[in-house]
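1. Quick one, structure for this:
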Amino acid sequence: MSYQQEPQPRYGNCDSYFVESHDDGIYAHRAEARERARAIARMQQRVLAEELSKQTSEEYQEDIMDHMEYMESQTMPDVNSIDIQTEIQWFMRPYLLDFLVEAHAAFQLLPETLFLAVNLLDRYCSRRVVYKRHYQLVGCAALLIAAKFGDRKDRVPTVRELKSMCCSLYDDEMFTQMEWHVLQTLNWMVGHPTVDAFLQLAIHETEYDPEVEHMSLYIAEIALFHKEFVSTRPSVLARSALALSRCILSRTQVNTSEWAGAYDPQTVMSLSNHLYQPSQVLSRKYSSIHLSSVSTTIEEFLQRQAQVAKRAAAAPPAPPAALLGEPKPASDVYGGPQTPQKTQYGSVVQHGCLTPPITPDGEFAPNNVIKVQTVSAPVYPTTPTPDHPANVQQPQAQYYQDLYVQPQHV
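-> Below you'll find the predicted structure:
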């Protein structure tokens, strides 16, 4: 009887199915070299693209500036039309802007999105009569349109998120209807050269300084809260804010013969008058390190200016003849109008705070003076009012009592 001998394995006996190879190091080295070559090629392509883009922008820079200046003249709001609004008043505006600033920061949107949203809000209020109960709804629709227009798709807020930030004061359909109505009212002309767009052009003409950029944005956002800057063109406001920022930070000013240095001295003085007491929400936003803590820098600058003015006031008085042509003390420079601060909603909700869309007459007015409506019947079509239970007229006392409930955490 013969036994068949089992064939020997070709590569010898092996206790494991995994065989070590001496060529793995060579393959890994070759793969690493290929990846390094791809990275170098991508970097070279990026540098070449930036160089070509820079050459193209310089070639068409004059045409771009002409178009931006034309567009800013075509998309400016009308302050006189906002003045004749029958329900919303200028003292309500800071409360709505505080809400928009918080929502803008919560969704981490681009700086130009906030400026565009405020422009859409003002332009809509220039053409339509807005009820107090719809003021916050118009602001949310403007922010939604601005985010869809120029921001990243993954950061655009949803209707559900905006509804949650408004404490479910409006239905989903109301946001959609108001968004469509704003676009139709503005003839679908959304593009507007913002302050940030002109500021980037002015900054690129000089050596980049992030602290100057952040402070210029902070000053420009402070200007959003005041009526006198609503009719100021963004190009003028951007260059004036940049000049004031360089002055505060003791940076060298740009030559006035260049476009970036052609600021308006009157606008610079007006901006400096509103640095004294900005919005608390805005000051807290720009106190972060990634925004160079510019709000803290301005506070320290104002304190030093106050000390200088105090020492100047303690000096011996000059002869009466010398006082005739002497300018006002430095302490009066920052004595201009101040931004109204929130009194009822001092604490901020985790995901935003409720801005009262319906403000009782005189509740937030200075010295509690009730404003008497002397304006005639509205000459513009009113904001659409959906058939919603919240819009049904109720007794005034019960209505305001139900409205000003404390916002819940969402």
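2. Disregarding residues adjacent in the polypeptide, which is nearest to Q74?
-> Excluding the flanking residues, the one nearest Q74 by C-beta to C-beta, 6 or more residues apart in numbering is M189, at 7.5 Å. C-betas here are computed from N, CA, C, even on glycine.
3. how many neighbours does the one you found have?
-> Neighbour count for M189, taken as other C-beta atoms under 10 Å: 12.
4. Name the SS class of it, please.
-> Following DSSP: H, G, I helix; E, B strand; the rest coil, we place M189 in the coil state.
5. how close does it get to R127?
-> Separation of M189 from R127 (C-beta to C-beta, to the nearest Å) stands at 12 Å.
6. what about the chain, any weak spots by pLDDT?
-> 1-24, 256-257, 316-410 (pLDDT under 70).
7. cutoff 50 now
-> Where the chain drops to pLDDT under 50, the residues are 321-340, 342-380, 387-410.
8. residues making contact with stretch 191-200?
-> Applying C-beta atoms under 8 Å, 6 or more residues apart in numbering, the contact partners of stretch 191-200 are 68-69, 71-72, 75, 110-112, 115-116, 119-120, 149, 213, 216-217, 220, 234-235, 237-239, 241-242.
9. Next step: these restricted to helices.
-> Among the contacts of stretch 191-200, the ones falling in helices (DSSP state H) are 68-69, 71-72, 111-112, 115-116, 119-120, 149, 213, 216-217, 220, 234-235, 237-239, 241-242.
10. just the helices in the stretch 1-150 of the chain please.
-> Ranges of helices in the stretch 1-150 of the chain, per DSSP state H, counting those that start in this stretch, are 24-74, 79-83, 93-106, 111-127, 135-150.
11. what's the closest of these to H290?
-> helix 93-106 (11.6 Å; C-beta to C-beta).
12. and that closest one, C-alpha only, in CSV?
-> The C-alpha trace of helix 93-106 is given here as CSV (Å, rounded to 0.1, in the frame of the first residue of the first chain):
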residue,chain,number,x,y,z
ARG,A,93,-34.3,100.1,15.3
PRO,A,94,-31.5,99.4,17.8
TYR,A,95,-33.5,96.5,19.4
LEU,A,96,-34.0,94.9,16.0
LEU,A,97,-30.3,95.3,15.0
ASP,A,98,-29.2,93.8,18.3
PHE,A,99,-31.3,90.7,17.3
LEU,A,100,-29.8,90.6,13.8
VAL,A,101,-26.2,91.0,15.1
GLU,A,102,-26.8,88.0,17.5
ALA,A,103,-28.3,85.9,14.7
HIS,A,104,-25.5,86.8,12.3
ALA,A,105,-22.9,85.8,14.9
ALA,A,106,-24.8,82.6,15.8
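13. Run the angle between it and helix 111-127 for me.
-> If you take axes from the mean of the first three to the mean of the last three C-alpha atoms, to 10 degrees, helix 93-106 sits at 150 degrees to helix 111-127.
14. how about helix 93-106: buried residues?
-> Buried positions in helix 93-106, judged by neighbour count with 16 or more other C-beta atoms under 10 Å: 93-105.
15. ok now stretch 235-253, how far from the chain's centre?
-> 18 Å (C-alpha atoms, centre = their mean, to the nearest Å).
16. what sits up against it?
-> With C-beta under 8 Å, 6+ apart as the test, stretch 235-253 has contacts from 68-69, 72, 193, 195-196, 198-199, 202-203, 209, 211-212, 215-217, 219-220, 223, 229, 254, 259-264, 267-268, 271-272, 297-298, 301.
17. With stretch 52-62 instead?
-> Stretch 52-62 is contacted from outside by I64, using C-beta under 8 Å, 6+ apart.
18. redo that, cut-off 6 Å
-> Here stretch 52-62 makes contact (C-beta atoms under 6 Å, 6 or more residues apart in numbering) with no residue beyond itself.
19. Let me see the contact set for the residue most central in space within the chain.
-> The chain has L114 as the residue nearest its centroid, 3.2 Å off, counting by C-alpha atoms, centre = their mean. Contact partners of L114, counting by C-beta under 6 Å, 6+ apart, are H104.
20. what's around A220, how many residues?
-> By other C-beta under 10 Å, the residues close to A220 number 27.
21. gap between it and K163?
-> Distance from A220 to K163, by C-beta to C-beta: 29 Å.
22. and if you look at L110?
-> Noted for L110: a distance of 23 Å to K163, by C-beta to C-beta.
23. How about L120?
-> Computed as C-beta to C-beta, the L120 to K163 distance reads 19 Å.
24. Brilliant, that's me finished.
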